[in-house]
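Novice: Build me a structure from this.
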Amino acid sequence: AALTVRFLTRRFIGEYGDMEFIYSHNLTVDGREILFHIWDAPNSQQAEDGSSEEKRIQWADSFVLVYSICDRASFNILPLKIQFIKAAKEGQSQEKVPIVIVGNKRDLHHQRVVSSEEGRLLALSLDCGFYEVSAAE
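Specialist: Numbering: from 1, shown residues only. You can find the predicted model right below:
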């Protein structure tokens, strides 16, 4: 949620609840007006209702999966999530679904438990894009 709000408002807010939101945002990219619809769904560590996750996957055209570099569990769940997304989206068509993995909290390097190299290798192995960022900075 912090990364989404930072993208939309250029402001950082550090604390969020465990709620879903859908945002709309216009942005000019390379001279073209792009309308983003962002379904910000926090990852719950508990088993999620499969139909709810399936609905989000079918709704979306692309995916940004964010993990905390300070939280190994948030990183470890990514391969399963990406496989689920690819099975649901690419099974319907031959088009590759755009997926980007983002390691957040780069500013908290002293608390890092997931290396940049691990993130890059995971993205490479799953044919995804990769970035490390800091929503705070």
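Novice: Apart from its chain neighbours, what residue comes closest to K96?
Specialist: Once flanking residues are discounted, K96 sits nearest to E90: 6.8 Å by CB to CB, 6 or more residues apart in numbering. (Glycine included, C-beta is placed from N, CA and C.)
Novice: Quick check: the one you found vs R56, distance?
Specialist: Going from E90 to R56 by CB to CB, to the nearest Å gives 16 Å.
Novice: same question, E95
Specialist: When E95 is compared with R56 (using CB to CB), they lie 18 Å apart.
Novice: Pick out whichever of these two has more residues nearby.
Specialist: Set side by side, E95 and R56 give different neighbour counts by other CB atoms under 10 Å, the larger being at R56 (16 against 8).
Novice: That one looks like it's in a helix, true?
Specialist: Yes - when the secondary structure is assigned by DSSP: H, G, I helix; E, B strand; the rest coil, R56 falls within a helix.
Novice: just the strands in this structure please.
Specialist: Taking DSSP state E to define them, one finds strands in the chain at 21-29, 32-40, 63-68, 99-104, 129-132.
Novice: any idea of the mean pLDDT for the first one?
Specialist: It stands for strand 21-29. Here strand 21-29 scores 77 as its mean pLDDT.
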